[in-house]
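>>> Predicted structure and sequence below. I'll ask about it afterward.
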Amino acid sequence: MIHELHIYDHDRNIMEEFAIWRSSVLALHKCIVSLVTILGLCLQLEFANASALVTDCRRTILMKLFITDISLYFGLLSVMILQINQSNRDFGEFMNKIGVLLGTLASILELLILFPPLGWLTLFFWSMYLMITAIGSYQLSKTLCKRAVAALILALGEFQVRLISLDGRMMGSVAGLGRAYEKLKVLIKRSRYSTAHDETKNLSKELPV
């Protein structure tokens with residue numbers, strides 16, 4: 001009884017920690033989305049005339065990079081919200097780090113269009129954060145790769161077992177068909193013998209003695 005209570009308390013603590021972590025992640029991404037939205041509004045006010053933005057080659061490239069980056073960010077954010085649960089928190093943390101990098105990069109690209117000096121400064125700090133995150137995520141990536149390989153090996157093993165089971169069933173079906181065919185041949189032979197015997201008896205009855 002006491003052991004079960006310890007297990008229950010442990011599971012409840014894990015669920016509470018996961019709920020706190022999830023809410024903090026969602027709050028962080030809400031801030032990133034709000035920042036990107038505010039800078040986007042500033043872009044609309046600054047470049048109300050779209051031709052001024054299109055004629056500038058540097059800003060056009062930055063805008064294309066921003067559109068690509070923000071599309072990846074919102075796609076990743078959708079996957080995080082739908083798929084992250086308690087059982088794959090390590091994967092969630094890994095996805096969250098990538099999401100933070102993409103989201104902050106989107107705001108930096110907007111800053112590079114609006115205020116280039118401030119944008120370059122924030123890009124420098126973002127690059128430092130990228131290096132730190134890459135170094136810190138190496139062990140996590142290694143763990144996730146090991147788990148993915150283990151899951152793949154397990155899936156292949158289950159597939160092999162099912163394939164062997166299916167092969168055994170098919171062999172049993174083929175053997176059953178063979179037995180049914182042999183029985184059918186025996187029945188056909190008996191039917192032919194019975195028919196020939198009946199014809200012989202009828203013929204002997206018709207012939208005069």
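Nice, I can see it.

>>> got the buried residues for stretch 58-72?
Neighbour-count burial for stretch 58-72, counted by 16 or more other CB atoms under 10 Å, picks out 59, 62, 63, 66, 69, 70, 72. Every C-beta, even on glycine, is put in place using the N, C-alpha and C of the backbone.

>>> From residue 94, how far out is the first one?
Pointing back at residue 59 there. 33 Å (CB to CB, to the nearest Å).

>>> lowest average confidence, helix or strand, in this protein?
Across the helices and strands of the chain, the lowest-confidence element by mean pLDDT, DSSP states H and E is helix 50-54, at a mean of 62.

>>> next SSE after that helix?
helix 57-83 (DSSP states H and E).

>>> can you give me the helices for the chain?
Assigned by DSSP state H, the chain shows helices spanning 2-46, 50-54, 57-83, 89-114, 116-206.

>>> and the ones you listed, which one's lowest on average pLDDT?
Among the helices of the chain, helix 50-54 carries the lowest mean pLDDT, at a mean of 62.

>>> Quick one: neighbours of the residue lying closest to residue 96 once chain neighbours are set aside, just the number.
Once flanking residues are discounted, residue 96 sits nearest to residue 25: 5.3 Å by CB to CB, 6 or more residues apart in numbering. Neighbour count of residue 25, defined by other CB atoms under 10 Å: 20.

>>> pretty sure residue 126 contacts residue 106?
No - the criterion here is CB atoms under 8 Å, and residue 126 misses it with residue 106 at 10.8 Å.

>>> Who has more neighbours out of the two?
residue 106 (26 against 16).

>>> Surely that one and residue 69 touch.
Yes - assessed by CB under 8 Å, residue 106 is found in contact with residue 69 at 4.9 Å.

>>> Quick check, pLDDT for residue 88.
Value for residue 88, per-residue pLDDT: 65.

>>> residues contacting residue 161?
For residue 161, no contacting residues are found, by CB atoms under 8 Å, 6 or more residues apart in numbering.

>>> mind checking how far it is from residue 80?
Remark: distance between residue 161 and residue 80 (CB to CB) = 34 Å.

>>> And for residue 149?
23 Å.

>>> what about these two, which has more around it?
Neighbours were tallied for residue 149 and for residue 80 using other CB under 10 Å; the higher tally belongs to residue 80 (19 against 10).

>>> Now the more buried one: closest residue in space, sequence neighbours ignored.
Spatial nearest neighbour of residue 80, excluding adjacent residues (CB to CB, 6+ apart): residue 95 at 5.2 Å.

>>> does that neighbour really touch residue 81, like I thought?
No - with contact defined as CB under 8 Å, residue 95 does not reach residue 81; the gap is 10.4 Å.

>>> For the two, indicate the residue with more neighbours.
More crowded of residue 95 and residue 81, by other CB under 10 Å: residue 95, with 18 against 12.
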